[in-house]
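**Q** structure for the following, please:
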Amino acid sequence: MKVAIVKYNAGNIHSVDCALRRLGVEATITADKELLRTADKVIFPGVGEAKTTMQYLRATGMDELIKNLRQPVLGICLGMQLMCSHSEEGDTDGLGIFDVPVKRFVPKRQEDKVPHMGWNTITKTNSPLFDGFTTEAFVYFVHSFYVPVCEFTAAETDYIQPFSAALHKDNFYATQFHPEKSGTVGEHIVKNFLELL
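**A** Presented below is the predicted three-dimensional model:
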């Protein structure tokens with residue numbers, strides 16, 4: 001199986017690579033469009049800022065490439081947010097794969113801290129990413145922006161308000177949390193992704 005990790009100006013790529021190695025998968029970290037098009041699975045990770053990252057993706061033509069991929073694609077954290085239609089971070093348009101906006105967390109109480117950082121539960125899972133899950137599971141989050149619950153929501157988490165912890169549409173899957181930093185639960189999710197047809 002050929003697994004490609006999209007190489008672009010965002011962090012977190014190597015921790016995703018390490019998570020795959022733990023599962024015995026040697027991924028290719030690449031910006032080569034042909035390698036991405038012909039991979040069996042593509043992972044679009046991300047830690048960074050939406051506006052400058054989208055500018056980079058447009059300048060390199062990676063925006064159109066990612067939108068037109070036909071194999072299973074997994075967006076992680078910023079990768080998920082960039083797959084949406086618009087982000088309040090830098091007031092920037094995204095890839096539009098998921099027609100839903102990305103909003104900034106607004107604290108409602110003194111104890112509401114932004115960014116949302118640490119372990120939290122995912123519930124209402126309804127995607128092949130979560131096959132084998134029987135109860136709510138803990139995963140690791142670090143984010144100041146969120147995707148509201150919508151028709152594409154594949155898992156929910158509650159922090160300040162309920163939001164989409166994961167999205168799914170056609171061959172596109174995405175998680176707001178970091179499966180590569182979420183222990184055995186995250187490893188199970190990555191394994192499920194790798195087993196998708």
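
**Q** all helices of the chain, in order?
**A** 13-22, 33-38, 50-60, 62-67, 78-82, 183-194 (DSSP state H).

**Q** how about those in JSON lines, adding mean pLDDT?
**A** As requested, the helices of the chain are exported to JSON lines (pLDDT from 0 to 100):
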{"stretch": "helix 13-22", "mean pLDDT": "94"}
{"stretch": "helix 33-38", "mean pLDDT": "97"}
{"stretch": "helix 50-60", "mean pLDDT": "94"}
{"stretch": "helix 62-67", "mean pLDDT": "97"}
{"stretch": "helix 78-82", "mean pLDDT": "97"}
{"stretch": "helix 183-194", "mean pLDDT": "96"}
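
**Q** for the longest strand along the chain, packing partners?
**A** When the chain is parsed with DSSP state E, its longest strand is strand 161-169. Contacts defined by 3 or more CB pairs under 8 Å, 6 or more residues apart in numbering; DSSP states H and E place strand 161-169 against strand 98-104, strand 153-159, strand 172-175. Any C-beta I mention is one placed from the backbone N, CA and C, and that applies to glycine too.

**Q** turn those into JSON lines, including mean neighbour count, mean pLDDT and distance to residue 111.
**A** Listed next are those as JSON lines, based on neighbours: other CB atoms under 10 Å; pLDDT from 0 to 100; distance: least, CB to CB, whole Å:
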{"stretch": "strand 98-104", "mean neighbour count": "18", "mean pLDDT": "98", "distance to residue 111": "18"}
{"stretch": "strand 153-159", "mean neighbour count": "20", "mean pLDDT": "97", "distance to residue 111": "11"}
{"stretch": "strand 172-175", "mean neighbour count": "27", "mean pLDDT": "98", "distance to residue 111": "25"}
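
**Q** wait, which of those strands is closest to residue 22?
**A** Residue 22 sits nearest to strand 172-175 of all those, at 17.3 Å, using CB to CB.

**Q** distance of the closest residue to residue 42 other than its chain neighbours from residue 192?
**A** With CB to CB, 6 or more residues apart in numbering as the criterion, residue 42 has its nearest non-adjacent residue at 4.7 Å, and that residue is residue 73. Distance, residue 73 to residue 192, using CB to CB, to the nearest Å: 14 Å.

**Q** between those two, point out the one with more neighbours.
**A** Neighbours per residue (other CB atoms under 10 Å) separate residue 73 from residue 192, with residue 73 holding more: 25 against 19.
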